[in-house]
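>>> Just need the structure, nothing else, for what follows:
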Amino acid sequence: MHLPDFKVARSSTKIDYNKINYKLDSKYLNKYKGKKCFLKTYGCQMNEHDSENIKGILELLGFDFTDNIEDADLVLLNTCSIRENAHNKAFGLLGRAKHIKESKRDLMIGLCGCMAQEEIVVNTIMAKYPFVNFVIGTHNFYQLPEILEVSEYKQQIEVYSREGDLIESLPVDRSSKYKAYVNIIYGCDKFCTYCIVPYTRGRQRSREKEDILKEVDNLIKDGYKEVTLLGQNVNAYGKDLYDNYSLAELLEDVAKTNIPRIRFMTSHPWDFTDEMIEVIAKYPNIMPSIHLPVQSGSDRILKLMGRRYTKEKYLTLFHKMKEMIPNCAISTDIIVGFPGETEEDFEETLKLVKECKYDNAYTFIYSPRVGTPAAKLTSNVTKEEKEQRLYKLNEIVNTYFKENNDKLVGKTVPVLVEGISDKKNEYFGYSDTNKLINFTGEDVEIGSIVNVEITTAKTWSLDGKVSK
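Now for the predicted structure:
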């Protein structure tokens, strides 16, 4: 039994890398043939991609997949720890699985992902959820075959504090045939005071550039049109591994593969360099769509958050991107109700939003995470005040979503066609600036990139028709 250790996560400064090329022991091949798995994923793109790997492993074991939890022989939750709501949903589904197991005694139940790396969650599972067969962390889900086997007989808790293993050649069942996630860096070294990620995902550690480029080359051979380079702080790529090779150089090398579309996320403003901006502006296959979380417009709150930049520095970076990158669309994350946030602090956030006029924004009420410094801070902001601030913020950001979309009416934009919508003869896909487009056309090939003339703008999507 291996448990998470927050103290180790906080004190760790140097990572001993151990690169492992994954290979399934032949004794596990098709061991569970005929069994069905219900796999539920919560959280970010990193979690989604982890589930693609988990699904690839389970398929080698013989599992089929079902969307009906009642039909499952294995219920596996790949969890998120960023907000309390995600915790509650996961524990709620565990409760439902418990009731199913009462009449289906052979049902296996597992918890993996970021929640599994939290001490409080592991202790709760051990004390109150004996029906859960196993808990497995973000660092070692590749050991699922071994853990699954042993957990048939006794509860297994395998959540390593060790974070230096980099697993290559993992099997993967991608959710799309045209768009793919590619991990380039794991973990984060920023330790923002509200964020649990450095404790659940560990310190930052980059994959070798050769492995990343090999994965992209293989995706191109398989017909993929778009890759998204992933990391909790993707901008920090290479800092822990190379002396003179960063995300700017990696973006350029990926662009030179000539894959039609490249995206990356998520970016921390502290690590966004001029060299990165220059590379994005230089290569047309690097999409001009950037997610740049600001979190707050108040310098006082930014300092309490441990964000390492001021409002002025953020705005300087923002306007530099807008000036240097043609057709640049920027989205962001914003937290309201952080401990100590006054009405004046909140007004500073609104002022920043009105200046930036974001193309998209993900807005949240602050959710305290046990084990983070911010969880120890006190706040006089009531729940009602937080909800009122969120409502007011959303009213403003939604106005700019629509305003930016209105500017596209009459223009033609490139769209990667992802499928057919519920409406007859209508397709959907995303533009270079990551806007959802629903459009009509004849003989449109799914997975192709077509030019679409925008005819109607809505707040969260656009309508159009294929341009002749």
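>>> All the strands of the stretch 201-350 of the chain, residue numbers only.
205-206, 226-230, 261-265, 289-291, 329-336 (DSSP state E, counting those that start in this stretch).
>>> quick one: contacts for Tyr178?
Counting by CB atoms under 8 Å, 6 or more residues apart in numbering, Tyr178 makes contact with Gly223, Tyr224, Lys225, Glu226, Leu416, Glu418, Ile446, Gly447. Any C-beta I mention is one placed from the backbone N, CA and C, and that applies to glycine too.
>>> Quick one, which of the strands of the stretch 201-350 of the chain gets closest to Leu61.
Comparison of these against Leu61 by CB to CB identifies strand 226-230 as nearest, at 25.2 Å.
>>> Would you mind pulling the contact partners of that closest one?
The contact list for strand 226-230 (CB under 8 Å, 6+ apart) reads 45-46, 49, 178-184, 212, 216, 219, 237, 247, 250-251, 254, 259-265, 416.
>>> how about 7 Å then?
45-46, 49, 178-184, 216, 219, 259-265, 416 (CB atoms under 7 Å, 6 or more residues apart in numbering).
>>> What's the PyMOL line that selects buried ones from the residues you listed?
Command for PyMOL, covering only those of the contacts of strand 226-230 found buried under the criterion 16 or more other CB atoms under 10 Å:
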select buried, resi 46+49+178+179+180+181+182+183+184+216+219+259+260+261+262+263+264+265+416
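>>> From the structure, what's the count of residues near Lys256?
Neighbourhood size, Lys256 [other CB atoms under 10 Å]: 11.
>>> Need the pLDDT of Glu163.
pLDDT, Glu163: 60.
>>> what does the one 3 residues further on give?
Model confidence at Leu166, given as pLDDT, is 83.
>>> swap in Asn394?
pLDDT, Asn394: 97.
>>> Run through the residues that contact it.
By CB under 7 Å, 6+ apart, Asn394 lies in contact with Thr363.
>>> mean pLDDT lowest for which of the strands of the stretch 201-350 of the chain?
The weakest mean pLDDT among the strands of the stretch 201-350 of the chain belongs to strand 205-206, with a mean of 92.
>>> what lines up beside that strand in the sheet?
Note on strand 205-206: by DSSP bridges, its sheet partners are strand 185-186 (antiparallel).
>>> can you list the weak-confidence ranges in the protein?
1-16, 82-83, 160-164, 424 (pLDDT under 70).
>>> Helices of that one, residue ranges please.
6-11, 45-60, 84-103, 119-128, 144-150, 197-200, 209-221, 247-255, 274-282, 299-305, 311-324, 343-356, 383-406 (DSSP state H).
>>> For Ala374, find the nearest of the strands of the stretch 201-350 of the chain.
Checking those against Ala374 by CB to CB gives strand 329-336 as the closest, at 10.0 Å.
>>> Which neighbouring elements make contact with the closest one?
The helices and strands touching strand 329-336, judged by 3 or more CB pairs under 7 Å, 6 or more residues apart in numbering; DSSP states H and E, are strand 289-291, strand 360-365, helix 383-406.
>>> Select, out of the ones you listed, the one closest to Asp106.
Comparing those by CB to CB, strand 360-365 comes nearest, at 39.7 Å.
>>> The closest residue to Pro373 other than its chain neighbours: how many residues sit nearby?
Computed as CB to CB, 6 or more residues apart in numbering, the closest residue to Pro373 that is not its neighbour in sequence is Thr193, at 4.2 Å. Look at Thr193: counted by other CB under 10 Å, it has 18 neighbours.
>>> now Phe364
Phe364 - counted by other CB under 10 Å - has 17 other residues nearby.
>>> How much space separates the nearest residue to it once chain neighbours are set aside from Gly43?
Once flanking residues are discounted, Phe364 sits nearest to Ile335: 5.5 Å by CB to CB, 6+ apart. To Gly43, Ile335 is 16 Å away according to CB to CB, to the nearest Å.
>>> And Gly110, by the same measure?
On the measure of CB to CB, Gly110 and Gly43 end up 16 Å apart.
>>> got it, and Val75?
Val75 is 17 Å from Gly43, by CB to CB.
>>> again, but for Ser103
Distance, Ser103 to Gly43, using CB to CB: 30 Å.
>>> neighbour-wise, which of these two wins?
Taking other CB under 10 Å, Ser103 and Gly43 do not tie; Gly43 has more neighbours (20 against 7).
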